[in-house]
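Undergrad: can't give you the sequence, but here's the structure:
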């Protein structure tokens, strides 16, 4: 299919841009908000999961999104570990056979995991571009006058 990917209805609702004439009435509606990280994740991955859940727009991530969020979390964890390897050993290392300087084996991992993170982040609405399009609907702002003022701007 040509053109832009359609924006999910839930994202339109969060942004306050939903219109009845442009809504797919047969769009599947996943249920259940994501909360707990899967048991198989490591402790550092669970920290990344909790960070993502805490900072994502409320109600946006559903159980069905678990696999995409898991990809983002795993990539973020591997990316962090590889960056720590680069920080510890440097960007260059010596080749085992010749002793000549070569690129650190951690650098391709850093780059690959960053690409995976960005792809998953764009699907989940985690990128700065995606966030700049989100406008909090007035009913989600609540009674805080400062929040209402910020939403109106």
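TA: Happy to help now that I have it. Computed from a predicted model, the values in this text were never measured in an experiment.
Undergrad: For the most centrally placed residue in the chain, identify the helix or strand it belongs to.
TA: Centroid-nearest residue in the chain, with Cα atoms, centre = their mean: residue 121, separated by 3.3 Å. Here residue 121, judged by DSSP states H and E, is contained in helix 106-124.
Undergrad: For residue 30, see how far away the residue nearest to the centre of the chain is.
TA: Using Cβ to Cβ, to the nearest Å, residue 121 is found at 19 Å from residue 30. Just so you know, the C-beta spots here come from the backbone N, C-alpha and C atoms, and that holds for glycine as well.
Undergrad: And residue 58, by the same measure?
TA: Where residue 30 is concerned, residue 58 sits at a distance of 15 Å (Cβ to Cβ).
Undergrad: again, but for residue 61
TA: Distance from residue 61 to residue 30, by Cβ to Cβ: 10 Å.
Undergrad: Please say which of these two ends up with more neighbours.
TA: Neighbours were counted for residue 61 and for residue 30 using other Cβ atoms under 10 Å; residue 61 has more, 22 against 13.
Undergrad: check contacts around the closest residue to that one other than its chain neighbours.
TA: Closest residue to residue 61 apart from its sequence neighbours, by Cβ to Cβ, 6 or more residues apart in numbering: residue 34 at 4.3 Å. By Cβ atoms under 8 Å, 6 or more residues apart in numbering, the contact set of residue 34 is 53, 61, 62, 63, 65, 66, 69.
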